[in-house]
Structures are given as C-alpha cells and as structure tokens.
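J.: Quick one, fold the following:
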Amino acid sequence: MVGRAFFYFRSASYAKNKGREYLPSSKEDAQRQKALKTSIINSPFPVIKYKTPESLAKHLERDLWKVINVAFPYIGIRCNILIFMSCL
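T.: The predicted model follows:
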C-alpha cells in the first residue's frame with residue numbers, strides 16, 4: 001500500500017472558519033480524531049496538509065498521476081495500440 005495510499009489533512013483554521021459542521025461534535029470525537037491523525041502521521045504513508053479545497057485538488061491530481069504513471073508507464077502510442085488490439 002505504500003506508494004498507493006495518501007492521507008490529506010485539512011487545515012484546522014479552515015475548519016474553524018467554516019463552522020460547526022467541519023469540527024468534531026464532542027470532546028471525545030476530537031480526542032479520537034487526534035489519536036487517529038497521530039497514528040496516520042506515524043505510519044509509513046505520506047500525509048499532505050492542505051488549506052483550501054483548491055489546494056487539495058492540486059495535491060490529489062499530482063499524486064494520482066504519479067500512481068497512474070507508475071502502474072501504466074508510457075511505452076509509446078504504437079505499442080499501446082498493439083496491446084489494446086491484442087485484447088480484443
């Protein structure tokens with residue numbers, strides 16, 4: 001899963017500015033969320049922190065293209081067409 005799993009943590013200030021729906025609903029929920037985030041940060045998986053939905057979109061696009069390019073490396077259009085045709 002390393003290299004294929006990514007975690008994105010929203011800025012706490014963004015959540016606070018958005019209001020109640022973006023915040024844990026109780027003190028216990030906040031503690032569980034903090035414990036979960038700590039365990040993820042201590043895992044081998046990358047953690048990306050973002051401030052806005054737009055910056056999240058940029059991070060996601062970049063990371064997804066990395067995974068796609070590793071899983072399906074570019075080997076030339078002609079070769080790809082031959083592979084596609086052999087699957088028909």
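J.: how about the helices in this structure?
T.: Secondary structure of the chain (DSSP state H): helices at 12-18, 27-41, 53-71, 77-86.
J.: low pLDDT regions in this protein?
T.: By pLDDT under 70, the low-scoring segments of the chain are 1-3, 75-88.
J.: Mind doing that once more with 90?
T.: Applying pLDDT under 90 to the chain flags residues 1-5, 12-24, 65-88.
J.: Please name whichever of the helices of the chain is nearest to Phe6.
T.: When those are compared by Cβ to Cβ, helix 53-71 sits nearest Phe6, at 5.2 Å. Where you see a C-beta, it was placed from the backbone N, CA and C, and this is true even at glycine.
J.: Just put the helices of the chain in CSV and tack on mean neighbour count.
T.: Formatted as CSV, those follow (neighbours: other Cβ atoms under 10 Å):
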stretch, mean neighbour count
helix 12-18, 11
helix 27-41, 11
helix 53-71, 12
helix 77-86, 9
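J.: Can I get the ones you listed in a markdown table including distance to Ala5?
T.: Output for the helices of the chain, formatted as a markdown table (distance: least, Cβ to Cβ, whole Å):
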| stretch | distance to Ala5 |
| --- | --- |
| helix 12-18 | 23 |
| helix 27-41 | 10 |
| helix 53-71 | 10 |
| helix 77-86 | 27 |
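J.: Can you say which of those is nearest to Val47?
T.: So among the helices of the chain, helix 27-41 is nearest, using Cβ to Cβ, at 5.5 Å.
J.: Convert the closest one to PDB, retaining C-alpha atoms only.
T.: What follows is helix 27-41, C-alpha atoms only, in PDB (Å, rounded to 0.1, in the frame of the first residue of the first chain):
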ATOM      1  CA  LYS A  27     -14.600  16.400  23.100                       C
ATOM      2  CA  GLU A  28     -14.400  12.600  22.800                       C
ATOM      3  CA  ASP A  29     -14.700  12.900  19.000                       C
ATOM      4  CA  ALA A  30     -11.900  15.500  18.900                       C
ATOM      5  CA  GLN A  31      -9.700  13.200  21.000                       C
ATOM      6  CA  ARG A  32     -10.400  10.200  18.700                       C
ATOM      7  CA  GLN A  33      -9.700  12.300  15.700                       C
ATOM      8  CA  LYS A  34      -6.400  13.500  17.200                       C
ATOM      9  CA  ALA A  35      -5.400   9.900  18.000                       C
ATOM     10  CA  LEU A  36      -6.300   8.700  14.500                       C
ATOM     11  CA  LYS A  37      -4.300  11.500  12.900                       C
ATOM     12  CA  THR A  38      -1.300  10.800  15.100                       C
ATOM     13  CA  SER A  39      -1.300   7.100  14.200                       C
ATOM     14  CA  ILE A  40      -1.500   8.000  10.500                       C
ATOM     15  CA  ILE A  41       1.300  10.600  10.800                       C
END
